[in-house]
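[1] this one's structure only:
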């Protein structure tokens, strides 16, 4: 009874004294997080790009979506595009917040990565306004054997910006950006593959599709690159196997590291991620069917793994997960079991 009364009291306090319209246990997909002043912000897949804010990373308020209407360039590029935007990536540089995002036709590499910027994330600021810069990179079926989705910005040791991206097909790619981060600085031919599930690269063609996955995408089930720099290494996190299937989701996260942003990325056994390597970071269990599409953030000196998991206690609905990371012999380890 004491627990019930305590829960009711907390609920009343949170509703009536400062947490109005704020929720816990929120449903998100492909989350990234950043902090401005005393507020944390999440951007994630959703119509117009979903956005949430929180003072404590526990209670979340749904903010107005980034795009009320679909960007016209995306409508023109993707037949049938309805403003459902995937896998945003948020960063800050010289007074601007950079929000890369993906538009695509499911199961095809008819895809583009776009960019919007804002001088503030505080929606009550009179200067709050997203400026869309349009298409940064595009993949076209029959022309490119990679998929222009799941962007992630990373800066090398000299301050040069790069964009990692990719899903299925040949795997994860990386490309140099111009200094202003508004456009690519190199050609699209022969982009390096930094991670793949294809172990034998001498075999021509893509891995065959499995489990009813779209034939065009093939069976190279890797996506969602996120590169995090720590000390002398760049750590490439990626998600493998299958998302978006509720109780049948098999998503899990792997990692490799390199002293160069463009790789090669090796796992803890020295196997290259470009040839099927990757050290397991976290997989599903009896409480979470699958976990993946992560970001890594440092807040107040602590590293956090930000990701979504398919909740076994709630019909496999995708939920926000935040876990502390510790580093053991130079490798990231979830500080506590994801079930705690």
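    Cool, the structure landed. Model, not experiment: these values are computed from the prediction.

[2] only C-alpha atoms for contact and neighbour calcs from this point on.
    Noted.

[3] tell me which other helices or strands the strand or helix carrying residue 137 touches.
    For residue 137, the element it lies in under DSSP states H and E is strand 131-139. Under the contact criterion of 3 or more CA pairs under 8 Å, 6 or more residues apart in numbering; DSSP states H and E, the helices and strands touching strand 131-139 comprise helix 72-77, strand 111-118.

[4] dump these to JSON lines, plus distance to residue 98, mean pLDDT and mean neighbour count.
    Putting the helices and strands packed on strand 131-139 into JSON lines (distance: least, CA to CA, whole Å; pLDDT from 0 to 100; neighbours: other CA atoms under 10 Å) gives the following:
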{"stretch": "helix 72-77", "distance to residue 98": "18", "mean pLDDT": "96", "mean neighbour count": "14"}
{"stretch": "strand 111-118", "distance to residue 98": "5", "mean pLDDT": "98", "mean neighbour count": "23"}
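
[5] using JSON lines, lay out the ones you listed together with distance to residue 155.
    Output for these, formatted as JSON lines (distance: least, CA to CA, whole Å):
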{"stretch": "helix 72-77", "distance to residue 155": "27"}
{"stretch": "strand 111-118", "distance to residue 155": "17"}
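
[6] of all the ones you listed, which lies closest to residue 90?
    With CA to CA, the closest approach to residue 90 among these belongs to strand 111-118: 9.4 Å.

[7] related to what we said a few turns ago, buried stuff in the strand holding residue 137?
    Within strand 131-139, the residues that qualify as buried by neighbour count (16 or more other CA atoms under 10 Å) are 132, 134-139.

[8] reformat these as CSV; add distance to residue 42 and pLDDT.
    Rendered in CSV, the data for these read as follows (distance: CA to CA, whole Å; pLDDT from 0 to 100):
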residue, distance to residue 42, pLDDT
132, 19, 98
134, 22, 97
135, 22, 97
136, 22, 97
137, 24, 98
138, 25, 97
139, 27, 97
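
[9] list the residues that contact residue 52.
    Going by CA atoms under 8 Å, 6 or more residues apart in numbering, residue 52 touches 41-43, 60-63.

[10] before we move on, what about residue 40?
    33-34, 53-57.

[11] can you check residue 134 too?
    Here residue 134 is in contact with 71, 73-74, 114-116 (CA under 8 Å, 6+ apart).

[12] and it, bridged to which residues?
    With DSSP bridges applied, the residues forming beta bridges to residue 134 are residue 115.

[13] could you check how far it is from residue 92?
    Distance check for residue 134 against residue 92: by CA to CA, to the nearest Å, it reads 18 Å.

[14] about what we covered before: among the helices and strands packed on strand 131-139, which is nearest residue 311?
    Using CA to CA as the measure, strand 111-118 is the one of those that comes nearest residue 311, at 29.0 Å.

[15] for residue 272, state which of the contacts of residue 40 is nearest.
    Each of the contacts of residue 40 was scored against residue 272 by CA to CA, and residue 33 proved nearest at 28.4 Å.

[16] hmm, that closest one is touching residue 41, no?
    Yes: using CA atoms under 8 Å, residue 33 makes contact with residue 41 at a distance of 5.5 Å.

[17] ok, back up a step: state the mean pLDDT of the next helix or strand after the strand holding residue 137.
    Downstream of strand 131-139, the first helix or strand assigned by DSSP H and E is strand 152-155. For strand 152-155, mean pLDDT is 98.

[18] partner strands of strand 152-155 and their direction?
    strand 161-165 (antiparallel).

[19] hey, where'd the helices end up in this structure?
    2-16, 72-77 (DSSP state H).

[20] which one of the ones you listed has the poorest average confidence?
    helix 2-16 (a mean of 36).

[21] all strands in the stretch 101-250 of the chain, in order from the N-terminus.
    Under the criterion DSSP state E, counting those that start in this stretch, strands of the stretch 101-250 of the chain are mapped to 111-118, 131-139, 152-155, 161-165, 172-176, 193-195, 222-230, 233-240.

[22] distance to residue 304 for those strands - can I get that in TSV?
    What follows is these, written out as TSV (distance: least, CA to CA, whole Å):
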stretch	distance to residue 304
strand 111-118	25
strand 131-139	29
strand 152-155	17
strand 161-165	20
strand 172-176	23
strand 193-195	23
strand 222-230	11
strand 233-240	13
